[in-house]
Structure formats: C-alpha cells, structure tokens
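Trainee: Kindly generate the corresponding structure for this input.
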Amino acid sequence: MTLSACGSTRVARIDPESVTDLSGRWNDADSRLVANALIEQSLGATWAEQYRAANAGRTPTVIVGPFSNRTLEHIPVRTFTRDLERAYVTSGAVRIVAAVDERESVRAERADQQVNAVADSRARLAMEQGAQFMLQGDVQAIEDAQGRERVVTYQVDATLVDLTSNAKVWVGQHKIKKYVDRRRIGW
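Mentor: Numbering: from 1, shown residues only. Next up, the predicted model:
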C-alpha cells in the first residue's frame, strides 16, 4: 500500500537581490536596504573628510562593533553587520578591520606562521591596523495591530564613535514600515 501526501512542495530559484516579503518580519532585503542607506548617510557626512584633512589624506579605518536586537523577533544581527561591512568596503572610502570575534582566528594563524612558514612569507606580528572609529547601534521595532492588519516599523539607529575621544562623529537612522494584512483563505 502506498501513502501519499495531500499537499505538494514547489521550489523555485529567485534572484537574491529581489525583495520577497512573505511574513512581514525583518528579512534579507530589509537588512541590505538599511545597511546601504546607513552607509550612504555615513559617507555623505563630513567626518571622513575631516579625518583625511587632519591626517595628511589618510583613509579612516572603521571597526563595525555590536548592533543590538531590541525587537521581540529574531533578527540575525550578524548578517546585518556583514551587510554594513560590505557596503563600507565596496564604497572604498574607508578601511574596515576585523571584528573582535574574527581577530582571534587571524592571530592564531599568524602565530602558526611564525613556526611553520618560511621566513620571507610570514605575516609579521604586531602590525595590525588599528581602527580610529567604531560603528555601533541597535534595531528596534514598533508594532500596531488590529484584527487581521498589522503595521510594523523597524528603526535602526547607528552611531560612529571616535575611539580616541569618544566623540560621536556621526549619528544615523533608517526606518522601514511594513503593512501586513493576514487575509483569510476562502474556498
């Protein structure tokens, strides 16, 4: 006797850059759009040019620090911070250094090379690039619901801090507002 399922599954490949929103929750498109908007705001401000002017034209170095998820839903913040790093690196306007959790594996590799690699190919010790600025922030959500309808506003706040003086050199914000209507399926 053969049993078969009543439903079927259909899978289709779609463009990873497309905006696909099934649930109304935070998704990859939101992450990408907010990251690009924040980096555009950041690079449109004067902090990078002021740094270059005060430092003989040198490119500022930024470390992307923690972004807190202050919503009630799961938001993969690491994916979002990777989007921020990608947008900064792609701009070419600033240098990005490895985050805290990435540096340990790089340092371990560098230490291993001191013992196991030929001298002229070893990465040198104590030559890491220091960051002059740290980008950090949080993601918040405000939800309003009535019956089948729901409006969710995501607000991402970002701050760029001078690591020497603790001065906030740039403060940015981007919002995404979503209207979700959970219609009943009629037969």
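
Trainee: For the rest of this, base every contact and every neighbour count on C-alpha atoms.
Mentor: Will do.

Trainee: In the protein, which residue is most central in space?
Mentor: For the chain, the residue nearest the mean C-alpha position is residue 81 (2.2 Å; CA atoms, centre = their mean).

Trainee: so what's that one up against?
Mentor: 35, 64, 67 (CA atoms under 8 Å, 6 or more residues apart in numbering).

Trainee: Can you list the low-confidence ranges for this structure?
Mentor: Counting by pLDDT under 70, the ranges of the chain that qualify are 1-7, 14, 20-21, 184-187.

Trainee: Now with 90, please.
Mentor: 1-29, 32, 79-80, 83, 87, 100-101, 182-187 (pLDDT under 90).

Trainee: what about the helices in it?
Mentor: Under the criterion DSSP state H, helices of the chain are mapped to 28-44, 47-54, 77-91, 100-116.

Trainee: which among the contacts of residue 81 gets closest to residue 129?
Mentor: Taking CA to CA as the measure, residue 129 lies nearest residue 64 of these, at 14.0 Å.

Trainee: any idea how far residue 39 is from that closest one?
Mentor: Residue 64 is 12 Å from residue 39, where distance means CA to CA, to the nearest Å.

Trainee: hey, what's in contact with both of these two?
Mentor: Common neighbours of residue 64 and residue 39, using CA under 8 Å, 6+ apart, are residue 84.
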